[in-house]
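Asks: whatever this is, show me its structure:
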Amino acid sequence: MEKSKTKPSIGIFDSGIGGTSIASEIHKLLPYEDIIYLADSKNAPYGNKPKEEIINLAHKNTKKLLQLGAKLIVVACNTATTNAIKELRKTYQIPFIGIEPAIKPATIKSVNKTIGILATKGTLASKLFSETSKKYVSEQIKLIQIEGKGIVEAIESNKHNSNQFIKSLHQQLYNFKEQNIDCLVLGCTHYPYVAKQIQDFLPGVKIIDSGFAVARQTKKVLDTNNLVSKNKRESSVSIYSNADSLDPIQKITKDNFGDFLKIEYLDF
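Replies: A predicted model of the protein is given here:
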């Protein structure tokens, strides 16, 4: 493992902005923990890439987070988790926390036993997603899957509030309405940023994401490994992006972290 150059922090990476929804939940639950977030916007989205490329990108991000002082790494990307986390855990001597679609709570909360999942192609095609679905979806539960198209790209370019995008999103969600789902799993960490647009089209449907569950698991792993920060001050949140412009990430994250946020360009 590479030697840390900075103070021990919770490291988080995703293929761009999306995982900041996870980072926000972690910061709220663990306000004394320093957070370093890598937004690999240059390579977003991961969802349509081959598995081998996703694994290589996950290694690249992990090595950079270790250089920056990560004591624990959250793979804040459903596609990277389902395709690469086993490889990461075999390679590095550091705790990893992954993101899985919240199918289990959806099956519990569903009344009419018809649930939906909106996710990337990479997540829906992964072995881990298939195993999770088989584990929690019985013959009595109907699971409707839709591959989100253009959603990550719209969020990354801060166009997710445009009328054109909302029209496209609602067209993609139409089968959920036809199938009368009552719970919708957001299977990508970008998607909470369009939860309002989704809810407007599917009123009454419970929208479920993994943010708070991941924050709780992060706290548990820190406790178990004796990695809890001794600081008693609100900590810093550093976001490093390799995007050509930092404007989208600044606009989306400005209300999530208060005055403790630092956003910088980093070539990685």
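Asks: C-alpha from now on. contacts and neighbour counts both.
Replies: Fine.
Asks: for the stretch 151-268 of the chain, which spans come out with low pLDDT?
Replies: 258-260 (pLDDT under 70).
Asks: ranges for the helices of it?
Replies: 151-156, 163-178, 195-201, 211-224, 247-253 (DSSP state H, counting those that start in this stretch).
Asks: now tabulate the ones you listed in a markdown table and tack on mean neighbour count and distance to Gly19.
Replies: Formatted as a markdown table, these follow (neighbours: other C-alpha atoms under 10 Å; distance: least, C-alpha to C-alpha, whole Å):
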| stretch | mean neighbour count | distance to Gly19 |
| --- | --- | --- |
| helix 151-156 | 21 | 11 |
| helix 163-178 | 15 | 20 |
| helix 195-201 | 15 | 14 |
| helix 211-224 | 17 | 9 |
| helix 247-253 | 16 | 11 |
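Asks: columns distance to Gly98 on top of those helices, output as a markdown table?
Replies: Formatted as a markdown table, the helices of the stretch 151-268 of the chain follow (distance: least, C-alpha to C-alpha, whole Å):
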| stretch | distance to Gly98 |
| --- | --- |
| helix 151-156 | 19 |
| helix 163-178 | 26 |
| helix 195-201 | 21 |
| helix 211-224 | 8 |
| helix 247-253 | 21 |
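Asks: nearest to Asn112, out of the ones you listed?
Replies: Nearest of these to Asn112, taken as C-alpha to C-alpha: helix 163-178 at 13.2 Å.
Asks: list of residues touching the closest one?
Replies: For helix 163-178, contacts defined as C-alpha atoms under 8 Å, 6 or more residues apart in numbering pick out 116, 144, 146, 148-149, 151, 154, 159-160, 197-198, 201-202.
Asks: thank you, goodbye.
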